[in-house]
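A.B. asks: Here's my sequence, what's the structure:
(chains A and B)
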Amino acid sequence: MILETRRKFSGAIALSLSTLAALTGLFWLVFILGDVLYQGLSALSLDLVFQDPVPAGVAGGGLRNAFVGQMLITFTATLIGIPVGILGGTFLAEYAHGKMISRIISVLSDIMVSVPSIVIGTFIYAVLVRPAGHFNGWAGAVALAIIMIPVVLRTTENMLLLVPWTLREAAFALGAPYYKVITQVVYRGAATGILTGILLSIARVAGETAPLLFTSFNNSFFSSDMNGPMASLTVSIFQYAMGPYDNWHAQAWAASFLITFFILLLTIAGRLIIKWRYHS
Amino acid sequence: MEVSFVSDTAEFEVRDLDFYYADVQALKHINFTVHRHGVTALIGPSGCGKTTLLRCFNRMHDLYPKNRYAGQILFQGNDILLKETDPIALRSRIGMVFQKPTPFPMTIFENVAYGLKLRGIRQRGELAEKVEQALRHAVLWDEVKDKLGTSAYELSGGQQQRLVIARALAVDPEVLLFDEPTSALDPISTAKIEELVAQMRKEITIIIVTHNMQQAARISDWTGFMMLGELVEFGKTDKIFTSPAEKLTEDYITGRFG
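C.D. replies: Modelled structure (predicted):
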């Protein structure tokens, strides 16, 4: 009897402690999201997206330059990062499967995922910004692409490995060469998984600030020239939030809200795709 | 290459075939003849090497490194185990159906059209005609004709297996290899596949690996009994099942082991 009471007691303690821990985490998450939602929504206006910044201290203006810059940088990063990631993942899962080199690259790329993004920023500063002599949008895109590559690569590898070998054998048995087996059969089987990886990797880099500080820097004016310094939402939020003006703070809130919302949408889309693919 | 005399009815002549998975010898000195336009069944206990033997005929073992063949398999007089033989060209003449249905993640139509497209057939009319022909041949047409555009995964297991057979038939193979094609199916689907095999044998040479001795007795003309990597006995099916020459064969088919 005593033993049973003790068990129940320790069970109750474990339950309440873990519930408390979960609630603590959840509280801050809801607090942050709620604050961003409240402050962001109240500062949101069409001007934010369609107006360029006005001189400091003057009312009005927006962050059109940052929205456009963010899109250009992220889009270019996607164009670089996704093909490299997918082809690399294909190499690991198909051509180098079971070989030493495949394991080495997998482990290295897992390490890459957890390298602080500011390290990647400083690295790109050394190889692309210093030689060019000035901050530029290309460098920002390359920095983001480097953050994306390991994510896409590992997702692609894992998704390709999930496709049963019998399916490949069936395609070989019909007389298909290996590249056609991969592109026409295996990719189809893994398509939704790879797409999810791509969406999540875009979500991952869309919120990065540190690698852009060292590379594309910032620009108070509208610019679509990837060769020069370029504004981005995250860096603008950083700058505006630190600034002394109330309307800067408001715009930073609104921009934070939009970028959070965008990443949330991407993440939800990614999750929904997984759910739709693997549960129906 | 040495000149070999092969009788008219021989599709394959297997001569002194050895096969190794890395260092493990899985097939030992296999010798027999597969006759054209007949059904040859390979039976034997699990791990006896019957699937390994089957996968030699379309060089499926080439997909994995360290696998090694020795000896000869003459296919219409030419040794397919030679390095010069292109396995891709070989596989386009010799189809294979696996134990579990292997439909591709595509629509029913695209599945059957896949092999045709590999052979460069692009014209829509020709594709549609050949797909219909193959599906009729595999006795699946009436069940799927209204949903050719839906995913092949929506079909039942038995239908999927017939779809896979249709996919193999679409490219007019000379030989079809079956690796326990009914072991994952219910009795009704099994009966349908067996009927199909009986029909196809008129035009195609069939080699079938089966766990099920009754199935071998029902559908095959020739039977090989294998054990521990060796072909113990090979002969006409009725002879093997009524008066086998080897004691081992008799013990196996009467259910004394295996």
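A.B. asks: What about the closest residue to residue B:161 other than its chain neighbours, how many residues nearby?
C.D. replies: With CB to CB, 6 or more residues apart in numbering or on different chains as the criterion, residue B:161 has its nearest non-adjacent residue at 4.5 Å, and that residue is residue B:101. Where you see a C-beta, it was placed from the backbone N, CA and C, and this is true even at glycine. Each residue near residue B:101 was counted by other CB atoms under 10 Å in any protein chain shown, and the total is 25.
A.B. asks: Phi, psi for residue B:101 please.
C.D. replies: phi -60, psi 140 (degrees, to the nearest 10).
A.B. asks: Return the residues in contact with it.
C.D. replies: B:157, B:160, B:161, B:163, B:164, B:184 (CB atoms under 8 Å, 6 or more residues apart in numbering or on different chains).
A.B. asks: change it to 6 Å
C.D. replies: B:157, B:160, B:161, B:164 (CB atoms under 6 Å, 6 or more residues apart in numbering or on different chains).
A.B. asks: Just the buried residues of those residues.
C.D. replies: B:160, B:161, B:164 (16 or more other CB atoms under 10 Å in any protein chain shown).
A.B. asks: looking at this, the second one is in a strand?
C.D. replies: No: for residue B:161, which was evaluated using DSSP: H, G, I helix; E, B strand; the rest coil, the result is helix, with no strand membership.
A.B. asks: Can you list the low-confidence ranges for the chain?
C.D. replies: You didn't say which chain, so I picked chain A. Within chain A, the segments meeting pLDDT under 70 span A:1, A:277-280.
A.B. asks: um, chain B though
C.D. replies: B:1-8, B:258.
A.B. asks: can you pull out the helices in it?
C.D. replies: Applying DSSP state H to chain B gives helices spanning B:50-54, B:87-91, B:108-118, B:124-137, B:141-144, B:157-169, B:187-200, B:213-219, B:237-242, B:247-253.
A.B. asks: What lies in contact with the second one?
C.D. replies: Read that as helix B:87-91. With CB under 6 Å, 6+ apart, helix B:87-91 has contacts from A:173, A:175, A:177, B:58, B:59, B:62, B:80.
A.B. asks: how near is the residue nearest to residue B:161 to residue B:169?
C.D. replies: Going from residue B:101 to residue B:169 by CB to CB, to the nearest Å gives 15 Å.
A.B. asks: Ok, residue A:109 next?
C.D. replies: For residue A:109, the distance to residue B:169 - CB to CB - is 44 Å.
A.B. asks: go on, residue A:37?
C.D. replies: Counting by CB to CB - residue A:37 and residue B:169 are separated by 60 Å.
A.B. asks: Then residue A:164?
C.D. replies: Separation of residue A:164 from residue B:169 (CB to CB) stands at 23 Å.
A.B. asks: Those two: which has the busier surroundings?
C.D. replies: Between residue A:164 and residue B:169, counting by other CB under 10 Å, residue B:169 is the more crowded of the two (26 against 13).
A.B. asks: Verify the stated contact: the more buried one with residue B:135.
C.D. replies: No: using CB atoms under 6 Å, residue B:169 is not in contact with residue B:135; the gap is 8.9 Å.
A.B. asks: Give the closest residue to residue A:47 in space, chain neighbours not counted.
C.D. replies: Once flanking residues are discounted, residue A:47 sits nearest to residue A:62: 4.4 Å by CB to CB, 6+ apart.
A.B. asks: Double-check that the one you found belongs to a helix.
C.D. replies: No: counting by three-state DSSP, residue A:62 falls outside a helix, being coil.
A.B. asks: what separates it from residue A:248, distance-wise?
C.D. replies: Counting by CB to CB, the gap from residue A:62 to residue A:248 is 12 Å.
A.B. asks: Check residue B:214 too.
C.D. replies: Taking CB to CB as the measure, residue B:214 falls 84 Å from residue A:248.
A.B. asks: Have a look at these two and say which one is more surrounded.
C.D. replies: residue A:248 (20 against 9).
A.B. asks: Please verify my assumption that the more buried one contacts residue A:240.
C.D. replies: Yes: if you go by CB under 6 Å, residue A:248 and residue A:240 touch, sitting 4.1 Å apart.
A.B. asks: burial count for the residue of the stretch 1-150 of chain A found nearest chain B?
C.D. replies: Nearest to chain B, among the residues of the stretch 1-150 of chain A, is residue A:98, at 8.8 Å (CB to the nearest CB). Residue A:98 has 8 neighbours, counted by other CB under 10 Å.
A.B. asks: for the one 5 residues further on, same thing?
C.D. replies: By the criterion of other CB under 10 Å, residue A:103 has 12 neighbours.
A.B. asks: show me the contacts for it.
C.D. replies: For residue A:103, the contact set (CB under 6 Å, 6+ apart) is empty.
A.B. asks: In the helix or strand hosting it, which residues are buried?
C.D. replies: Assessed by DSSP states H and E, residue A:103 sits inside helix A:100-114. Going by neighbour count (16+ other CB under 10 Å), the buried part of helix A:100-114 is A:102, A:105, A:106, A:109, A:112.
A.B. asks: swap in stretch B:88-97?
C.D. replies: Within stretch B:88-97, the residues that count as buried by 16+ other CB under 10 Å are B:88, B:90, B:91, B:92, B:93, B:94, B:95, B:96, B:97.
A.B. asks: Grab the nearest non-local neighbour of the third one.
C.D. replies: What sits nearest to residue B:91 in space, not counting adjacent residues and going by CB to CB, 6+ apart, is residue A:175, at 4.1 Å.
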